[in-house]
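> attaching a predicted model along with its sequence, questions to come.
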Amino acid sequence: FFFCGRIFICLSGLEEVMLCVVVSMGSGVWRWKGVSKTIARWSKLRGIRREANRRQCSSVMKDEGKRVQGPSKWYLGDDGVRGGVETAWLADGVARSARVAVSAHVHPIARVGDEVTIMDQSIVDRGVDLGTGCVVGESVRLMRDCLVGDFTEIGPRCRIYPRAVLGFPPQDRKYRDGPTKLLIASDCIIREDVKIERGTEIAGGITRLGQRVLIMAGSYVGHDSSIGDDVVVANSTSIAGHAVLGSNCVIGGHCVIHQRVRVGQGAMVGGLSAIRRDVVPHTVVTGNPPSMRALNYRKLWPLLAPADRKLAVALYKYLFYARNKPMYKWEAFSHLAQETAQHSCLRDRASQVLNAVSNGKNSSDMPRNPDYPKKGATLVIDRVVDRVFENIATFILEPSVRGLHLPIPSKSVLETSSST
C-alpha cells in the first residue's frame, strides 16, 4: 500500500506473529519497529472472534433443534470473519448458515453457500464453489475449481476431480428455476471436466447416480437421467436427458446416447456408437449404425459353469435369431418347439422364455435330457442363467419409447426386422 511515500509490507506466518517492515523510499534506509503492542492487539481480537463464533454455533444449533455432540461438533462460518478453532479453519467465503465438521478442511480460497453441510474428513480444495443447500458426505474430496450447484448431495467417499460442474440448472426450456436436485451415491469417481445437470420439475426433479459409478473426463450427463450402480462411462460420452442406465453396464468412449433411451443391466456399448434405441440387458451393441452383436460374454462367462453356457447361447439364439425353428431339440423345451410357429414375433418369444424360466424355477420334476453334457443330469436352468434371461425377457416386454437395437438381418439370420 502506498501512503506518504512509504511502502508497508506485512508478512504473516503463524497465527500470533506478524512482522512489519517499513521501507523508506526517499533515503533507502531499512528501519525495524517493535510490534509488541500490535501483536497483543491482534491476539486479543482473534481470541474474541473465536469465542464469539463458538458460542454462536452452539446457540444456533440448539435453536434449530439438531443433535450435536457438544458445542464443538459443528462450526459455522461468518461473512467477513475467519471463525473456528485449531481443528476447523473456516475461510471468509463460508456462509453464516453453513455447517462444517471439525475434522473437515475448507481451503481459504473456497466459497461455501448458505445451508451447506460438510461432513467429517471431507476436503474442499482451492477454488471450489458449493451452492446453496449442498450436502457433502464423509471423506469426500472436492479438488480444485469444482463447481457444485444448488441442492446437490454428494455421498461418502466420492472423488470429484478438477473443473467438474455438478448440479447446475438443466439446459431445458421447460425448467422454471425450481428446487430440483442432483443425487450422487457413495464411492463415485467423477473425473475432469465432467458436467452433470440436475433434474427438471416435470420429470420428478432428480438426476441420480448410483454407487461406485466412474465417469471419465469430458463426459456429459443430461437432466433427469438415472445411472445405476457400478456403471462405467468412458471419456467424452454424451448422455441426453431422461436416459436410464442399468447397473453394471459399460459405455464406450465418445458415445452419444439419445434422450429417453434405456441401457439394460450388464450391457456394453462400443465406442463411437450413436445409441438411438434401447439396449437389451447383458448384450453387446456396437457399430455405426449400432446393432446387437452377442451376449456380453466377458461379464457372463465367469458367472456360468461350462455346461450352462450352452444353454445361455441357445436361449439367446432362440430369442433373436429363430423364426420357425426351435432353439435346440431338447426335451425340456419341447413345449416351446410345438408353439414356435405361432410365435414369430420377438415379444411372443420373450413371453415364452419368461414362462419357461418361471416354470423351470418352480418345477421339481424336469425331464431328463440325453444330450446334456453331464450324463443323466436334470435340465434345470441355473440361477444365474435364470436371472439373466428373466431380465432380458422382462426388458423386451416393457413398453419402449425408442425401440430396441437388434442384430442386423442377414442370410444366416432367419428373422427379418419386419417380424420383430
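Perfect, I can see it now.

> in the stretch 51-200 of the chain, where is pLDDT below threshold?
Applying pLDDT under 70 to the predicted model, the residue ranges of the stretch 51-200 of the chain that meet it are 51-92.

> where along the stretch 301-420 of the chain do the helices fall?
Taking DSSP state H, counting those that start in this stretch as the criterion, the stretch 301-420 of the chain carries its helices at 306-321, 334-339, 346-362, 383-397.

> residues contacting the nearest residue to residue 407 once chain neighbours are set aside?
In space, and not counting its chain neighbours, residue 407 is closest to residue 292: 4.8 Å by CB to CB, 6 or more residues apart in numbering. C-beta: built from backbone N, CA, C; applies to glycine. For residue 292, the contacting residues are 280, 283, 284, 285, 320, 405, 406, 407, by CB atoms under 8 Å, 6 or more residues apart in numbering.

> hmm, try it at 6 Å
Listed by CB atoms under 6 Å, 6 or more residues apart in numbering, the contact set of residue 292 reads 283, 285, 405, 406, 407.

> could you dump the helices of the stretch 301-420 of the chain to CSV with mean neighbour count?
As requested, the helices of the stretch 301-420 of the chain are exported to CSV (neighbours: other CB atoms under 10 Å):
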stretch, mean neighbour count
helix 306-321, 18
helix 334-339, 14
helix 346-362, 17
helix 383-397, 19
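
> among these, which gets the worst mean confidence?
Looking at the helices of the stretch 301-420 of the chain, the lowest mean pLDDT belongs to helix 334-339 (a mean of 47).

> can you tell me the element residue 293 falls in?
Counting by DSSP states H and E, the element that carries residue 293 is strand 290-295.

> name every strand pairing with that strand and say which way it goes.
For strand 290-295, sheet partners with direction are given as strand 283-287 (antiparallel), following DSSP bridges.

> how about the CA coordinates for the strand it pairs with, as CSV?
Extracted C-alpha coordinates of strand 283-287, given in CSV (Å, rounded to 0.1, in the frame of the first residue of the first chain):
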residue,chain,number,x,y,z
THR,A,283,-25.8,-57.8,-24.7
VAL,A,284,-23.1,-56.0,-26.7
VAL,A,285,-24.2,-53.2,-29.0
THR,A,286,-21.6,-51.6,-31.3
GLY,A,287,-21.1,-50.3,-34.8
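
> so what touches that strand?
The set of residues that contact strand 283-287 without belonging to it, under CB under 6 Å, 6+ apart, is 267, 268, 269, 270, 273, 279, 292, 293, 294, 295, 296, 405.

> which two in those are spaced the farthest apart?
Maximum pairwise distance among the contacts of strand 283-287 (CB to CB): 17.4 Å, between 273 and 295.

> for residue 150, which non-adjacent residue is closest in space?
Take residue 150 and drop its neighbours on the chain: the residue closest to it by CB to CB, 6+ apart is residue 131, 3.9 Å away.

> was I right about the one you found contacting residue 151?
No. The pair formed by residue 131 and residue 151 falls short of the contact definition of CB atoms under 6 Å, at 7.5 Å.

> from what I see, residue 99 and residue 118 are in contact.
No. Contact between residue 99 and residue 118 fails when scored by CB under 6 Å: they sit 7.0 Å apart.

> with neighbour numbers in mind, choose between these two.
A side-by-side neighbour count of residue 99 and residue 118, using other CB atoms under 10 Å, places residue 118 first with 28 against 25.

> tell me the contacts of that one?
Contact criterion CB under 6 Å, 6+ apart gives 100, 104, 136 as the residues in contact with residue 118.

> all strands of the stretch 201-350 of the chain, in order?
Under the criterion DSSP state E, counting those that start in this stretch, the stretch 201-350 of the chain contains strands at 206-209, 214-215, 220-221, 226-227, 232-233, 238-239, 244-245, 250-251, 256-257, 262-263, 268-269, 274-275, 283-287, 290-295.

> out of those, nearest to residue 357?
Residue 357 lies closest to strand 290-295 among the strands of the stretch 201-350 of the chain, at 15.8 Å (CB to CB).

> could you export the strands of the stretch 201-350 of the chain as CSV, including mean pLDDT and distance to residue 197?
Output for these, formatted as CSV (pLDDT from 0 to 100; distance: least, CB to CB, whole Å):
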stretch, mean pLDDT, distance to residue 197
strand 206-209, 98, 6
strand 214-215, 98, 13
strand 220-221, 98, 7
strand 226-227, 98, 13
strand 232-233, 98, 15
strand 238-239, 98, 10
strand 244-245, 98, 15
strand 250-251, 98, 17
strand 256-257, 98, 14
strand 262-263, 98, 18
strand 268-269, 98, 21
strand 274-275, 96, 19
strand 283-287, 96, 25
strand 290-295, 94, 25
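
> let's have these in a markdown table, adding distance to residue 352.
What follows is the strands of the stretch 201-350 of the chain, written out as a markdown table (distance: least, CB to CB, whole Å):
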| stretch | distance to residue 352 |
| --- | --- |
| strand 206-209 | 34 |
| strand 214-215 | 37 |
| strand 220-221 | 37 |
| strand 226-227 | 30 |
| strand 232-233 | 33 |
| strand 238-239 | 33 |
| strand 244-245 | 26 |
| strand 250-251 | 29 |
| strand 256-257 | 30 |
| strand 262-263 | 22 |
| strand 268-269 | 26 |
| strand 274-275 | 27 |
| strand 283-287 | 19 |
| strand 290-295 | 19 |
